[in-house]
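# Give me a model of this one.
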Amino acid sequence: MHLVPDSLRAAAADRLVQKLEENGWRLGTGFLGTPYLLAVLADTGHADVAYRLLLSTEYPSWGYLVTHGATTMWERWNGDKMRDPSMNSYNHYAYGAVADWIYRYAAGVDADAADAGFHTVRLHPNFDPKLGSLHFMYDSPYGAILSSWAVHGSAAMWDLNIPPNARGELALTGDQEKQFTLNGAPLSQNRQLHSVTGSGGETSYEIPSGTWHFTVAIHAGQ
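Alright, predicted model coming up:
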């Protein structure tokens, strides 16, 4: 929630990861903490931990619900063990907030508060071999936004569609920028993409409407 000073943010994130490790990589959050958990992990460079939580089937986890017959999101992680029907909804939103992370972080399709309605599509996908592939489409007011990727060996193939009269914005750090190629060449060499370097050192690429095919190198340890 950006209450920690920027100078301590990385240390706070490392402490969060440490707490998760001490808890056997199991969730320890309730209604209030769960919607923020995976996002803050991805935002601080720990997307691999976010995926570890997302794909776990140990109690408590989203995977536990799936492997125990859930077709909707339960109010309690152990809803299958509760004999008392009170306070035990089997169609509850709170833990379902994970879908927001899948759309915004795994697929990487996000809105821009300064240019609402997906006129500008903020892009920050997180590729992971454990998930393997993802196909996401959103029917925006301007048309279909598509983000589809698959990991093959040490690279992810990312197909992106930006609808007419909209534009994509892909902000990358220096290290991230080196991982991306478009048509076999670095992004900086593509004349169709316009770039601006921000005050924080990130390079923001403007992606015009159309269909794009990126190749992204991924770390072997992911």
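
# pLDDT score for residue 113?
Residue 113 is assigned 92 on the pLDDT scale.

# got a list of what it touches?
Applying CB atoms under 8 Å, 6 or more residues apart in numbering to residue 113 gives no contacts. No exception for glycine: its C-beta is placed from N, CA and C like everyone else's.

# now the strands for this structure?
Using DSSP state E, the strands of the chain run over residues 109-111, 120-123, 133-140, 143-152, 155-162, 167-172, 180-182, 185-186, 194-197, 203-207, 210-217.

# ok, residues contacting the helix or strand of the chain with the lowest mean pLDDT?
Every helix and strand in the chain was compared by mean pLDDT, DSSP states H and E; the lowest is strand 194-197, with a mean of 90. With CB under 8 Å, 6+ apart as the test, strand 194-197 has contacts from 187-188, 203-206.

# repeat that for 7 Å
Here strand 194-197 makes contact (CB atoms under 7 Å, 6 or more residues apart in numbering) with 188, 203-206.

# from the middle of its chain, how far away would that strand be?
The chain centroid and the centroid of strand 194-197 are separated by 23 Å under CA atoms, centre = their mean, to the nearest Å.

# now do stretch 177-187
Averaging C-alpha positions (CA atoms, centre = their mean) puts stretch 177-187 21 Å from its chain's average.

# quick check: mean pLDDT across that stretch?
Computed over stretch 177-187, the average pLDDT equals 94.

# so how far is the first residue of that stretch from its last?
Using CA to CA, to the nearest Å, the span of stretch 177-187 from its first residue to its last is 8 Å.

# what comes up buried for that stretch?
For stretch 177-187, burial by neighbour count (16 or more other CB atoms under 10 Å) applies to 177, 179-182, 187.

# Tell me which of the strands of the chain approaches residue 88 most closely.
strand 133-140 (31.3 Å; CB to CB).

# what's that closest one packed up against?
Using 3 or more CB pairs under 7 Å, 6 or more residues apart in numbering; DSSP states H and E as the contact test, the elements touching strand 133-140 are strand 143-152.

# Let's see that with 10 Å instead.
When contacts are defined as 3 or more CB pairs under 10 Å, 6 or more residues apart in numbering; DSSP states H and E, strand 133-140 sits against strand 109-111, strand 143-152, strand 155-162.

# Okay, now the sheet partners of that strand, with direction.
Paired with strand 133-140 in the same sheet, following DSSP bridges, are strand 143-152 (antiparallel).

# re earlier: make JSON lines out of the helices and strands packed on strand 133-140 and add mean neighbour count and distance to residue 169.
Converted to JSON lines, the helices and strands packed on strand 133-140 look like this (neighbours: other CB atoms under 10 Å; distance: least, CB to CB, whole Å):
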{"stretch": "strand 109-111", "mean neighbour count": "19", "distance to residue 169": "9"}
{"stretch": "strand 143-152", "mean neighbour count": "18", "distance to residue 169": "13"}
{"stretch": "strand 155-162", "mean neighbour count": "20", "distance to residue 169": "10"}
